[in-house]
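In: predicted coordinates and the sequence they were generated for:
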Amino acid sequence: MLAVGITEPGAGSDVAGVKTKAEDMGDHFLLNGSKIYISNGILADLVVVVARTDQNSRHGLSLFVVERGMEGFERGDKLKKMGLKSQDTAELFFNNVKLPKENLLGEWNKGFYQLMHFLAEERLLGAVGYLAAADAAFDLTMDFVTERKAFGQTISDFQNTRFKMADMRMEIDVAQAFVDQCVVEHNDGVLSADDAAKAKLFTSELEGRVVDACVQLHGGAGYMDEYPICRMYLNARISRIYAGTSEIMREIIARSVGLDPRNKRRSLAAAE
Ligand SMILES: Cc1cc2nc3c(=O)[nH]c(=O)nc-3n(C[C@H](O)[C@H](O)[C@H](O)COP(=O)(O)OP(=O)(O)OC[C@H]3O[C@@H](n4cnc5c(N)ncnc54)[C@H](O)[C@@H]3O)c2cc1C
């Protein structure tokens with residue numbers, strides 16, 4: 001099993017703020033630092049670790065492969081969390097881990113760009129999953145509202161229910177068309193980072209809206225562990241946070257339409 005260690009206690013959204021560092025010692029690299037909230041952190045045999053390799057450049061990062069059993073590589077306890085209970089999430093510690101030269105993944109100091117390239121794929125993969133979860137929540141809720149009765153009729157007979165279900169169906173189907181288009185573009189190697197961000201942002205927010213509405217339509221049953229919608233509601237909350245938060249997705253999209261405060265700062269500096 002593989003894990004990817006980017007996030008640190010002091011650097012999550014701000015990937016370029018990574019402090020874990022790797023030094024070139026001639027015949028090996030020396031890795032020091034720690035990572036937090038790492039999926040599969042306990043079970044992973046291989047961990048791709050992002051480390052700083054140039055102290056003078058914010059983007060001076062490289063990727064390294066750390067293997068189970070390497071001296072100085074420790075894992076914390078499995079972290080307790082709101083949802084995704086079956087998936088392990090852990091802290092990782094690297095204390096003078098000696099890495100063979102071949103454990104550099106890709107190019108020295110190019111890790112930031114390698115990450116940015118593959119994060120678009122990760123976000124699209126996420127989008128496919130979030131949409132599938134929304135669709136599954138919709139189906140579960142259809143079953144529930146067409147069986148459960150109140151005031152002598154099924155819950156699905158209330159106009160509110162029919163309109164809620166109609167809105168969810170519409171949003172899921174419209175989102176599916178965009179995600180499908182992104183998949184085609186990805187397969188052709190032309191998916192842009194901002195389209196991947198749009199897909200991630202829209203589907204994760206949609207999943208959140210859908211599971212919330214579905215819990216409501218289940219009534220008290222929706223709050224009970226034994227109903228799958230209860231777990232889906234808890235699991236969905238992370239979709240808007242990991243693989244880049246909704247706010248970071250909005251930043252990426254805003255830059256793609258020309259709203260980048262960094263350019264403004266640069267042109268102001270040039271004018272001075
Ligand atoms: C269950 C789980 C699994 C995870 N798996 C992994 C994994 O496998 N590998 C890994 O490396 N990481 C993993 N993460 C970490 C996850 O990617 C980060 O938690 C996420 O990127 C946010 O970083 P942060 O927690 O440091 O929050 P912060 O970056 O501190 O953000 C806090 C808040 O500030 C907002 N914010 C930050 N910057 C900006 C900005 N520029 N503009 C506007 N708002 C901003 C954020 O959107 C958020 O609302 C996982 C997290 C969880 C909970």
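Out: Looks like it came in fine.
In: what parts of this protein come near the ligand?
Out: Residues of the chain lying close to the ligand (CB under 6 Å from any ligand atom) are 3-7, 12-13, 37-39, 81, 84, 89, 238, 241-242, 245, 247-248, 251. Placement of C-beta: from N, CA and C, glycine included.
In: now the buried members of those residues.
Out: With neighbours counted by 16 or more other CB atoms under 10 Å, the residues of the chain next to the ligand contain buried members at 3-7, 12, 37-39, 84, 89, 238, 242, 245, 248, 251.
In: shaky segments in the stretch 151-272 of the chain?
Out: With pLDDT under 70 as the threshold, the stretch 151-272 of the chain has low-confidence stretches at 268, 270-272.
In: all strands of it, in order?
Out: 153-154 (DSSP state E, counting those that start in this stretch).
In: what segments of the stretch 1-150 of the chain are helices?
Out: 111-147 (DSSP state H, counting those that start in this stretch).
In: closest residue of it to the ligand?
Out: Residue of the stretch 1-150 of the chain nearest the ligand, by CB to the nearest ligand atom: residue 12 (1.7 Å).
In: the most far-flung residue of the chain relative to its centre and the ligand, how far apart?
Out: Here the centre of the chain is the reference, and by CA atoms, centre = their mean the most remote residue is residue 152, at 44.0 Å. Going from residue 152 to the ligand by CB to the nearest ligand atom, to the nearest Å gives 44 Å.
In: what do you get for residue 229?
Out: Residue 229 is 20 Å from the ligand, by CB to the nearest ligand atom.
In: can you give me the domain boundaries for this protein?
Out: Using automatic domain parsing, the domain parsing of the chain gives 2-108, 113-263.
In: quick check: end-to-end length of the last one?
Out: Read that as domain 113-263. End-to-end distance of domain 113-263 (CA to CA, to the nearest Å): 19 Å.
In: so how far is it from its chain's centroid?
Out: Chain-centre distance of domain 113-263: 13 Å, with CA atoms, centre = their mean, to the nearest Å.
In: how about the shortest one?
Out: Here domain 2-108 shows a centroid-to-chain-centroid distance of 17 Å under the convention CA atoms, centre = their mean.
In: excluding its backbone neighbours, what's nearest residue 33?
Out: Closest residue to residue 33 apart from its sequence neighbours, by CB to CB, 6 or more residues apart in numbering: residue 20 at 2.6 Å.
In: for that neighbour, list the residues it contacts.
Out: By CB atoms under 8 Å, 6 or more residues apart in numbering, the residues touching residue 20 are 5, 8, 31-35, 49-52, 94.
In: which single one of the residues you listed is nearest to residue 116?
Out: When the contacts of residue 20 are compared for distance to residue 116 (CB to CB), residue 50 wins out at 11.5 Å.
In: I'd say the closest one and residue 12 touch.
Out: No - between residue 50 and residue 12 there is no contact under CB atoms under 8 Å: 11.9 Å.
In: mutual contacts of those two, please.
Out: Residues touching both residue 50 and residue 12 (CB under 8 Å, 6+ apart): there are none.
In: residue 161: how many residues sit nearby?
Out: 19 (other CB atoms under 10 Å).
In: can you give me the distance of it to the ligand?
Out: Distance from residue 161 to the ligand, by CB to the nearest ligand atom: 32 Å.
In: was I right about that residue contacting residue 142?
Out: No - proximity of residue 161 to residue 142 does not meet the contact threshold set by CB under 8 Å, at 10.0 Å.
In: give me phi/psi at the residue positioned nearest the centre of the chain?
Out: The residue lying closest to the centre of the chain (CA atoms, centre = their mean) is residue 243, at 2.3 Å. Backbone geometry at residue 243, expressed as degrees, to the nearest 10, gives phi 60, psi 30.
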